[in-house]
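Student: Got a predicted model here, sequence first, then my questions.
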Amino acid sequence: MKTMKWLLRREFWEHKGAFFWAPVAVAVAMIVLVGGGFMYAMAFGGSEHIQIDGRNVVAINGIPPDLRYKIAHVAASGYLGLAAPLFLVLTVVVFFYCLAALHDDRRDRSILFWKSLPLSDRDTVLSKVLTALVVAPLITIAVGVVTSLVLLVLGMISAAGKGVNLFAPVLMEPNLYLGPLYLLAFLPLYIIWALPTVGWLLMVSSWARSKVFLWAVGTPLVAVVVLKWFNFIVGHVSNRVFDIDWFVSEVVARGLGGLVPGIWLSQGDIGVINQQYGLDPNTLLGLSYATLASPGVWVAAAVGAAMIYAATRLRRWRDEG
């Protein structure tokens, strides 16, 4: 356990800029741009009218209590959506981290030093898997929650400047406090869906001598082209052809896009945005976990675990020079 703790610390220290400072920099930019926009609207917006359900409401004279609580419910339920750009940063950071995780040690020969220590290949690879699937998302969630709360407060200050006091109704909304817990509840789902991508990238990272990105991304794309060419040739003499659409969506997209948070939303009927009540976190969470009922999800996760095992074996055998 102590060994794994220090291995995780090593990964964080070596990639602190990507895992911590990159989302913090994006968060600061969001606060400056979006929060600054709120403040500008309050100071120079001019118009005191707010359109709700097609009705113009004069904010400075107050709005009906039901509309005020409706706005507060939407704000408290969906404020974490403001952190969406940070999770796009997470996708890019983890993707390139996995690509370089096992390749860079061989490229700079530091693998000889690490192999001289009493560290198993299994523990080393697992530390990189945990960093990609647990540590990096937890850091992004923490930064995202703080950023969303800051933007929510700035938005409420801007609304108060227009005569709409949302502080009391927002603070009474349970979803304001449950939001971070909802976000954490998605982490196990993210791990399952991201396993195939992490496994593929680590396996390529442990095998490729160079051009890791081209091997990781180019191989699936070349496979699609080859299958299309095969279907074109064979289609003239037989009806037995490959289902290219299935291959692209279930193999290529899952293999390369599993790190995108919310990719599982494309697998079902996600009709959770209600025009009257806003985003319903409970419904979103339930529909998201319902995707685990598909056997394909577990097959893909098992394949991802197998590729992680292959990356462990390849690290043991593969050595530059």
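Tutor: Yep, it's here. Remember, predicted model here, so these are calculated numbers, not experimental data. Residues are numbered from 1 along each chain as shown.
Student: and after the longest helix belonging to the chain, which helix or strand comes next?
Tutor: The single longest helix within the chain, with elements called by DSSP state H, is helix 136-161. Moving toward the C-terminus from helix 136-161, the first helix or strand encountered (DSSP states H and E) is helix 167-171.
Student: how many neighbours does Trp13 have?
Tutor: 9 (other CB atoms under 10 Å). The C-beta positions use only the backbone N, C-alpha and C, and glycine is treated the same way.
Student: meant to ask about Arg9
Tutor: Arg9 has 12 nearby residues by other CB under 10 Å.
Student: likewise the one 3 residues further on?
Tutor: Burial of Phe12 is recorded as 15 neighbouring residues (other CB under 10 Å).
Student: Just the buried residues of the longest helix of the chain, please?
Tutor: With burial defined by 16 or more other CB atoms under 10 Å, the residues of helix 136-161 counted as buried are 136-137, 139-141, 143-145, 147-152, 154-156, 158-159, 161.
Student: Check which helices and strands that helix sits against.
Tutor: Secondary-structure packing of helix 136-161 (3 or more CB pairs under 8 Å, 6 or more residues apart in numbering; DSSP states H and E): helix 22-30, helix 36-44, helix 65-78, helix 84-101, helix 167-171, helix 174-185, helix 187-207.
Student: mind listing what Lys303 touches?
Tutor: Just so we're on the same page, residue 303 is Val rather than Lys. With contact taken as CB atoms under 8 Å, 6 or more residues apart in numbering, Val303 is in contact with Pro196, Gly199.
Student: Residue nearest the middle of the chain, spatially speaking?
Tutor: Nearest residue to the geometric centre of the chain (CA atoms, centre = their mean): Pro261, 3.1 Å.
Student: Can you tell me the SS state at that residue?
Tutor: With DSSP: H, G, I helix; E, B strand; the rest coil as the basis, Pro261 sits in coil.
Student: got a pLDDT number for Arg55?
Tutor: On the pLDDT scale, Arg55 is placed at 51.
Student: Ok, Leu102 next?
Tutor: 87.
Student: Which phi and psi values does it adopt?
Tutor: Main-chain torsions, Leu102, degrees, to the nearest 10: phi -110, psi -20.
Student: Take the helices and strands packed on helix 136-161 and write them to CSV, including mean neighbour count and distance to Phe12.
Tutor: Converted to CSV, those look like this (neighbours: other CB atoms under 10 Å; distance: least, CB to CB, whole Å):
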stretch, mean neighbour count, distance to Phe12
helix 22-30, 18, 13
helix 36-44, 13, 31
helix 65-78, 18, 31
helix 84-101, 20, 11
helix 167-171, 15, 34
helix 174-185, 16, 19
helix 187-207, 23, 17
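Student: Leu99 is in contact with Phe213, correct?
Tutor: Yes: Phe213 lies in contact with Leu99 (CB atoms under 8 Å); the separation is 6.1 Å.
Student: I'd like the mean pLDDT over stretch 16-27, please.
Tutor: For stretch 16-27, the per-residue pLDDT averages 96.
Student: Straight-line length of that stretch, end to end?
Tutor: End-to-end span of stretch 16-27 (CA to CA, to the nearest Å): 16 Å.
Student: Name the residues that touch that stretch?
Tutor: With contact meaning CB under 8 Å, 6+ apart, stretch 16-27 is reached by 12, 85-86, 89-90, 93, 96-97, 131, 135-136, 139-140, 143-144, 146-147.
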